[in-house]
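Visitor: quick one, fold the following:
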Amino acid sequence: MAVYAIGDVQGCFDALRALLDKLQYDPGTDRLWFAGDLVNRGTQSLDVLRFVKSQPQAVTVLGNHDLHLLAVASGQAPRKKRDTFDDVLEAPDREELLAWLRHRPLLHHDAAVASTLVHAGVLPQWDLPTAQRLAAEAGDSIRRSDSNELFTHMYGDTPDHWQDDLGGWARLRVIINAFTRLRYCDAHGRMDLRPKSRPGKQPPHLLPWFQVPGRLTRATRLIFGHWSTLGIWNADGVLGLDSGCLWGGQLTAVRLDVNLPQFTNVACAQQLEPLPG
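Guide: Here you go, the predicted structure:
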């Protein structure tokens, strides 16, 4: 049995199939972990959702594009110019797929492979038990039948830091932003969600979240996607897997159930112009 973690697919189903063929993926025994953002910007979001949902051994965490699809489908957020998930919204099995997506977690931890999966990051002041607890708290709100109301409050960059006494929508927004949008923060763990460039081009007071001194999750291997300009990152106790498939880069998988991570990738057709940086 192999355990593979895969970076952001974002509706690029042809690339996903090519990657799984290259891995010689066996759905009967192998396990797939997806780092979120299954949908949007690519042209095959429906195919990706149907496929991942059909795999009994697959795990996926929610990414910001997955949450945006849920918000648009609920009528609580407007579509954006570059959204490409009409195939999901118009599908006959739309409600089944959306219900399944809504029940995906924000964090997945597996002690057997000593790894924790999130979409974007974990605030440096959270240890693993705290991150697990907060991910479950926000996940419960996303799953509840009244969670449409959450989507009206989910968008926004503030508050930009965690406090234990935060409450209400502000508390949930910080948690969701950390797990699905985080790239940079300052040495005190204050998030800045605006910079998207690779490390070295950010404002000088900011650090990649995983390089903040004293980060409390250094004892566990964290796996994430979200950051296409970062590319593959295998350092600082983390594995970054967004290698820019959507932008004409690669779709990458890493095997986790081995002594050293083993990376496999396939080239991707360009769906959008590459981001600067």
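
Visitor: show me the helices in the stretch 101-250 of the chain, by range?
Guide: If you assign secondary structure with DSSP state H, counting those that start in this stretch, the helices in the stretch 101-250 of the chain sit at 128-143, 148-153, 168-181.

Visitor: out of those, which is closest to Gly36?
Guide: helix 168-181 (7.0 Å; Cβ to Cβ). Just so you know, the C-beta spots here come from the backbone N, C-alpha and C atoms, and that holds for glycine as well.

Visitor: average model confidence for that closest one?
Guide: In this model, helix 168-181 carries a mean pLDDT of 98.

Visitor: list of residues touching it?
Guide: For helix 168-181, contacts defined as Cβ atoms under 8 Å, 6 or more residues apart in numbering pick out 36, 61-64, 67, 106-107, 118-123, 126, 134-135, 137-138, 141, 150, 153-154, 156-162, 166, 191, 193, 226.

Visitor: neighbours around Ser74, how many?
Guide: With neighbours defined by other Cβ atoms under 10 Å, the count for Ser74 comes to 16.

Visitor: check contacts around it.
Guide: When the contact criterion is Cβ under 8 Å, 6+ apart, the partners of Ser74 are 148, 151.

Visitor: could we number from 10 for the rest of this?
Guide: In the new numbering, first residue 10, that becomes Ser83.

Visitor: list the contacts for the most centrally placed residue in the chain?
Guide: By Cα atoms, centre = their mean, the chain has its centre lying nearest to His128, at 2.2 Å. Applying Cβ under 8 Å, 6+ apart to His128 gives the contacts 44-46, 70-73, 115, 188-189, 233-235.

Visitor: strands - which of the residues you listed land there?
Guide: Using DSSP state E, the members of the contacts of His128 that fall in strands are Phe233.

Visitor: out of the contacts of His128, which comes closest to Gly249?
Guide: Proximity of the contacts of His128 to Gly249, judged by Cβ to Cβ, is greatest for Phe233, which lies at 5.9 Å.

Visitor: what's the pLDDT at the closest one?
Guide: Looking at Phe233, the pLDDT reads 98.

Visitor: which parts of the stretch 60-209 of the chain are strands?
Guide: Ranges of strands in the stretch 60-209 of the chain, per DSSP state E, counting those that start in this stretch, are 67-69, 117-119, 124-126, 193-194, 200-201.
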